[in-house]
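[1] pasted the sequence and its predicted model underneath.
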Amino acid sequence: MEYLVAAVFLCVGVAKIWSYKRRPRALGAQRASLPLGLPYGCIVAVGLFYIAAAVALVMPFGLLPQLTLAQFAACGLAGLTLAAAIYHMRRQETAVPNLALFLLIMFVIVGNWLS
């Protein structure tokens, strides 16, 4: 399950980095600012964190024991997806994808905790 979660978050992280500025605009429209002031650099940082945490979930070795590193990565992803869900709810957007990712991460955390 960790490999599936890592693949999903790797794809989400790459999509956040590459698709942010590629949204189409109407001709002559001004660039809209985000409501809570999230600049492009912040979105890239979130995408890079998603990628780093995905790699940490499946990394075979590291400075910390594998289970500890995977738990830290999963807890970081859970916190970030929950914060993203709250952000989308405040903007009156759907938070279902973020909540689904949060439940997927919680499944990995509980599975690691029980093993």
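    Nice, thanks for sending it over. Here the structure is a predicted model, which means the values were calculated and not measured. Numbering: from 1, shown residues only.
[2] buried ones in stretch 87-105, by neighbour count?
    By neighbour count on 16 or more other Cβ atoms under 10 Å, the buried set for stretch 87-105 is Tyr87, His88, Ala95, Asn98, Leu99, Leu101, Phe102, Leu104, Ile105. C-betas here are computed from N, CA, C, even on glycine.
[3] work out the gap between that stretch and the centre of the chain.
    Here the centre of mass of C-alpha atoms in stretch 87-105, compared against the chain's by Cα atoms, centre = their mean, to the nearest Å, lies 11 Å away.
[4] show me the contact partners of that stretch.
    Stretch 87-105 is contacted from outside by 4-5, 8-9, 12, 35-36, 74, 77-78, 81-82, 84-86, using Cβ atoms under 8 Å, 6 or more residues apart in numbering.
[5] what's the longest helix in the protein?
    Residue-count comparison of every helix in the chain, with assignments taken from DSSP state H, identifies helix 66-90 as the longest.
[6] after that helix comes which helix or strand?
    Past helix 66-90, further along toward the C-terminus, the next helix or strand under DSSP states H and E is helix 96-114.
[7] state the pLDDT value of the residue nearest the centre of the chain.
    Nearest to the mean C-alpha position of the chain, by Cα atoms, centre = their mean, lies Tyr50 at 4.5 Å. Among the per-residue scores, Tyr50 holds a pLDDT of 93.
[8] secondary structure element for it?
    Assigning secondary structure by DSSP H and E places Tyr50 in helix 40-58.
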